[in-house]
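Enquirer: Fold the following.
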Amino acid sequence: MKKIFILTGETSGDKLASKVISKIKEKFNEIEYLSVGGNYLNSLGIRSIFNLKEITYIGFTSVILNLLKIKKKIDYTVDEIIRFNPDILFSVDSPDFTLRVAERIKKINPQIKTIHYVAPQVWVWREGRVKKFKNFLDHILLLFNFEKKYFDKENINNTFVGHPLVEKQNFQKTDISNLIDTSKKIISVFPGSRVSELKLLLPILIKSINLLSNKFKSLQFIFHSTLENKDFIKKFISKYNIENIDVISDDKIKDQILSKSIFAISKSGTISLEICSHKIPSIIIYKMNFINFMIVKFLVKIRFANIINIINNKEIIPELIQNECNPDEIYKSVTYLLKNPKMMKDQIDQCQKTLDEIKSKTSSAEEAARVVLSYLT
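Expert: Residues are numbered from 1 along each chain as shown. Predicted coordinates:
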């Protein structure tokens with residue numbers, strides 16, 4: 001029986017991996033799986049060798065403070081993969097963890113094929129890393145077409161598979177009237193998936209919501225959370241006794257809530273593509289501790305944080321980063337856009353044009369599954 005080890009480093013990677021594996025299972029069922037994964041892979045009956053939360057760190061200082069823990073997890077993961085002896089190591093995103101493991105696996109057993117899904121953002125910083133990838137990656141799956149040139153240059157096998165968050169989804173409709181106040185207008189809030197992000201952004205978001213609620217009496221704010229973080233967010237919000245806030249974690253209703261929203265406030269990240277695909281105007285926020293920010297400012301070579309803005313090399317979606325990520329600025333930006341429907345429509349139109357450029361022919365998961373299966377036959 002063929003074997004695949006699936007290697008993820010956070011919830012978003014777990015979700016992406018599960019979609020690819022679902023496609024593989026449709027075509028080829030005689031495969032044994034093992035993983036470093038979370039709830040999504042677990043729902044497919046795939047065991048994880050440890051809890052994904054144990055390796056979810058963010059920022060340079062967090063990584064430095066947890067170096068010993070990370071090294072132990074890398075060592076343990078490498079040992080378990082070698083013991084499992086898969087035909088393919090399928091790693092997804094989280095390069096600081098997954099690619100370190102992949103590099104060591106390739107040195108120990110070159111017969112194991114290494115396929116990585118979601119290329120490291122070498123166009124943001126450390127482009128020189130690409131040369132190193134050639135030594136241990138058999139194939140890399142790209143979300144953006146413009147990334148090809150970086151890997152073609154080093155003759156690394158690569159395939160543009162498209163970005164899954166811009167694909168049309170067919171979700172089963174669920175009655176959400178008992179979950180939200182349908183008489184109010186919804187603003188969806190995406191505060192991030194890491195606890196370290198939540199600790200920084202939640203206090204800012206709560207103060208912003210207070211300001212906006214005083215200005216607009218008919219708003220309902222719905223936080224989109226991972227299942228793992230739902231209780232953390234609810235506990236934090238409960239301290240403030242604000243009535244027009246809800247927290248959801250069920251993927252079956254997230255899509256419907258977003259599609260019914262009039263606006264979104266989102267942490268910088270790929271979730272903004274999903275917001276754009278629903279034709280919802282938004283702003284992007286992000287904040288990190290001062291040391292991390294100074295390191296990032298020194299190392300990165302791009303002007304913007306949001307991928308839509310990066311691709312267009314101009315600010316289409318407003319970004320409030322670091323010092324500008326504060327309650328007053330969020331309040332001002334949201335208020336300004338809500339009072340200017342034409343500006344919101346222009347943002348949506350420009351985003352749609354960009355999304356058309358990063359869609360695959362079928363689906364990202366379908367294309368990725370095709371490549372993975374090609375290494376098994």
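Enquirer: gap between the closest residue in space to residue 204 that isn't next to it in sequence and residue 165?
Expert: Once flanking residues are discounted, residue 204 sits nearest to residue 327: 5.8 Å by CB to CB, 6 or more residues apart in numbering. Bear in mind the C-beta positions are built from the backbone N, C-alpha and C, glycine included. Per CB to CB, to the nearest Å, residue 327 is found 28 Å from residue 165.
Enquirer: before we move on, the earlier item: can you report how many residues lie near the residue nearest to residue 204?
Expert: Per other CB atoms under 10 Å, the neighbour tally for residue 327 reads 17.
Enquirer: Quick one: the strands in the protein, in order.
Expert: Counting by DSSP state E, one finds strands in the chain at the ranges 2-8, 31-36, 88-92, 113-117, 139-142, 158-160, 185-190, 219-224, 245-248, 261-267, 282-286, 319-321.
Enquirer: Distance to residue 78 added to those, as CSV?
Expert: What follows is the strands of the chain, written out as CSV (distance: least, CB to CB, whole Å):
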stretch, distance to residue 78
strand 2-8, 10
strand 31-36, 11
strand 88-92, 10
strand 113-117, 13
strand 139-142, 20
strand 158-160, 25
strand 185-190, 34
strand 219-224, 34
strand 245-248, 37
strand 261-267, 32
strand 282-286, 33
strand 319-321, 36
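Enquirer: So which residues of the stretch 101-250 of the chain form helices?
Expert: Assigned by DSSP state H, counting those that start in this stretch, the stretch 101-250 of the chain shows helices spanning 129-133, 148-152, 195-215, 230-238.
Enquirer: which one of those helices has the most crowded surroundings?
Expert: Burial of the helices of the stretch 101-250 of the chain is given as mean neighbour count (mean count of other CB atoms under 10 Å); helix 195-215 ranks first at a mean of 18.
Enquirer: For the chain, give me the ranges with low pLDDT.
Expert: The chain contains residues with pLDDT under 70 at 56-66, 123-127, 168-179, 295-302.
Enquirer: Which parts of stretch 311-327 count as buried, going by neighbours?
Expert: By neighbour count on 16 or more other CB atoms under 10 Å, the buried set for stretch 311-327 is 311-312, 316-322, 325-327.
Enquirer: contacts for it?
Expert: With contact meaning CB atoms under 8 Å, 6 or more residues apart in numbering, stretch 311-327 is reached by 144, 146, 201, 204, 207-208, 210-211, 268, 272, 276, 282-288, 293, 303-306, 308-309, 329-330, 333, 337, 347, 350-351, 354, 357-358.
Enquirer: Contacts only, for the closest residue to residue 185 other than its chain neighbours.
Expert: Ranked by CB to CB, 6+ apart and with sequence neighbours excluded, the top spatial neighbour of residue 185 is residue 262, at 4.9 Å. Shown in contact with residue 262 (CB under 8 Å, 6+ apart): 185-187, 280, 338.
Enquirer: nearest to residue 258, of those residues?
Expert: residue 280 (6.4 Å; CB to CB).
Enquirer: So that closest one is in contact with residue 188, correct?
Expert: Yes: Residue 280 is within contact range of residue 188, at 7.1 Å (criterion: CB atoms under 8 Å).
Enquirer: And for residue 356, the neighbour number?
Expert: Residues within reach of residue 356, counting by other CB under 10 Å, total 9.
Enquirer: Over to the one 3 residues further on?
Expert: Residues within reach of residue 359, counting by other CB under 10 Å, total 16.
Enquirer: Distance check, it against residue 163.
Expert: Look at residue 359 and residue 163: by CB to CB, they are 7 Å apart.
Enquirer: what's the answer for residue 358, then?
Expert: Counting by CB to CB, the gap from residue 358 to residue 163 is 5 Å.
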